[in-house]
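Participant: I would like to see how this sequence folds:
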Amino acid sequence: MTLATQKAAENFMLRKILRVTTLAILSIVGGMSYGQTSSTKIDLNWVENVAQPLQFSFNGAILRDFDNVVLPVYYQKIKVSSPDAEAIINFNTSEGTYVTNDTRKQLKEDFVAESYISSEDGVNYLNISILPLRYSHRAERLLSFDIIIKQNPSDQYDQRKLRKKSHYKSSSVLADGEWLKIRTNREGIFEITRSLLESGGWNTAGIDLSTIKVFGNGGGLLHEHIDEPRLDDLEELRVKVKDENGNNRLDANDRIFFYGQGAVVWIYDNGSDRFIHENHPYDEYNYYFITHGGPAGKRMNE
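Facilitator: Numbers count the residues shown, from 1 in each chain. Got it, this is the predicted structure:
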């Protein structure tokens, strides 16, 4: 194996190391489908008197450089699907062996297990590697072990699943009534007038001013992480109504005010104590929806 191949193999190793004696537990993101457990028994077939720079190796080993000492490493790539899982590596049998002084200096008292998740074309893989040599009073090499992948969802994840099942609405607020869609590319206080609604095709005669409502979900991007809470429908905003003559009708001089945001927003970051300008890669505008009828709308407190 060339040095370039050794370095490529080394780059596949996880940076998170767990030292174990008889049991290694690797907490990972990813795993089998819910409720499933996968167990695989691995036997290492060691080969003596291999060519330099190794004293010995085993079938299927990859080579990793440890400070100019090349050692055989077990590596396996497992396809996983669920967002939360636990992998257990159970070391079964080992036997004594001889190692050089240079090799002994690179060994730990326990076998070393490493893992990381990679993604290729949208598919997640659990990459596991094991250094099957250790030195504690004497050198030992690993003969067999089990890789067990099982579902171990956290309470928080269970709560998220329950929330997602119970909080989806059966229909959108847009399913009924007369609606007018407006857009803005900036943040500020916006006003709704009778002429605006009439330009959108509304017949404003007889509209009950108290039932006019504005819906929208603010500006900026949606959370990129699917675990983050989010609304599954439009949320009603509180508005300020200016009824000039108090007749609860939408006259020419009446106004309805609401606070809106554009698609591009400024976000305050506590860590850096500064505002961050967040562009929106998909749209320049944010949209709000106006309707009337039914119960009274939400109003700002005086």
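Participant: identify the residues contacting stretch 280-297?
Facilitator: With contacts defined as C-beta atoms under 8 Å, 6 or more residues apart in numbering, stretch 280-297 is touched by 173-174, 177-185, 190, 192, 197, 207-208, 210-216, 218-221, 234, 236-237, 239, 258, 260-264. All C-beta spots, glycine's among them, are computed from the backbone N, C-alpha and C.
Participant: just the buried residues from these, in ChimeraX please.
Facilitator: Buried members of those, defined by 16 or more other C-beta atoms under 10 Å, are picked up in ChimeraX with:
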select :173,179,180,182,184,190,192,197,207,212,213,214,215,216,219,220,234,237,239,258,260,261,262,263,264
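Participant: which ones among the contacts of stretch 280-297 lie within strands?
Facilitator: 179-184, 190, 192, 213-215, 236-237, 258, 260 (DSSP state E).
Participant: all strands of the stretch 1-150 of the chain, in order?
Facilitator: With strands called from DSSP state E, counting those that start in this stretch, the stretch 1-150 of the chain shows them at 17-20, 23-28, 37-43, 46-48, 56-58, 62-66, 69-80, 85-96, 111-120, 123-131, 133-136, 138-150.
Participant: where does pLDDT dip in the protein?
Facilitator: 1-35, 49-55, 82-86, 151-168, 225-229, 302 (pLDDT under 70).
Participant: residue contacts, the residue of it positioned farthest from its centre?
Facilitator: Here the chain reaches farthest from its C-alpha mean at residue 245, the gap being 53.2 Å by C-alpha atoms, centre = their mean. Going by C-beta under 8 Å, 6+ apart, residue 245 touches residue 251.
Participant: confirm that it sits in a helix.
Facilitator: No: Residue 245: not assigned to a helix; according to DSSP: H, G, I helix; E, B strand; the rest coil it is coil.
Participant: residues touching residue 213, list them.
Facilitator: 236, 239, 290-292, 297-298.
Participant: if I look at it, how far off is residue 292?
Facilitator: 7 Å (C-beta to C-beta, to the nearest Å).
Participant: and residue 218, by the same measure?
Facilitator: 22 Å.
Participant: excluding chain neighbours, what is closest to residue 198?
Facilitator: residue 204 (5.7 Å; C-beta to C-beta, 6 or more residues apart in numbering).
Participant: quick check: that neighbour touching residue 250?
Facilitator: Yes: contact status for residue 204 versus residue 250: in contact at 5.0 Å, counting by C-beta atoms under 8 Å.
Participant: please, which helix or strand holds residue 205?
Facilitator: Following DSSP states H and E, one finds residue 205 outside all helices and strands.
Participant: what about it, neighbour count?
Facilitator: Using other C-beta atoms under 10 Å, residue 205 is surrounded by 9 other residues.
Participant: can you check residue 252 too?
Facilitator: Residue 252, neighbours per other C-beta under 10 Å, totals 9.
Participant: that one against residue 197, yeah?
Facilitator: No: applying C-beta under 8 Å as the test, residue 252 and residue 197 come out as separate, 11.5 Å apart.
Participant: follow-up on the earlier one: can you put the contacts of residue 213 in TSV and add distance to residue 76 and secondary structure?
Facilitator: Shown next, in TSV, are these (distance: C-beta to C-beta, whole Å; DSSP: H, G, I helix; E, B strand; the rest coil):
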residue	distance to residue 76	secondary structure
236	53	strand
239	60	strand
290	58	strand
291	58	strand
292	63	coil
297	60	coil
298	57	coil
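Participant: now which of the residues you listed would you call buried?
Facilitator: 239, 290-292, 297.
Participant: which strand or helix spans residue 195?
Facilitator: Assigned by DSSP H and E, residue 195 belongs to helix 194-199.
Participant: what residues does that helix touch?
Facilitator: Residues outside helix 194-199 that contact it (C-beta under 8 Å, 6+ apart) are 180, 182, 204, 250-252, 254, 290.
Participant: next, the buried residues of it.
Facilitator: 194, 196-197.
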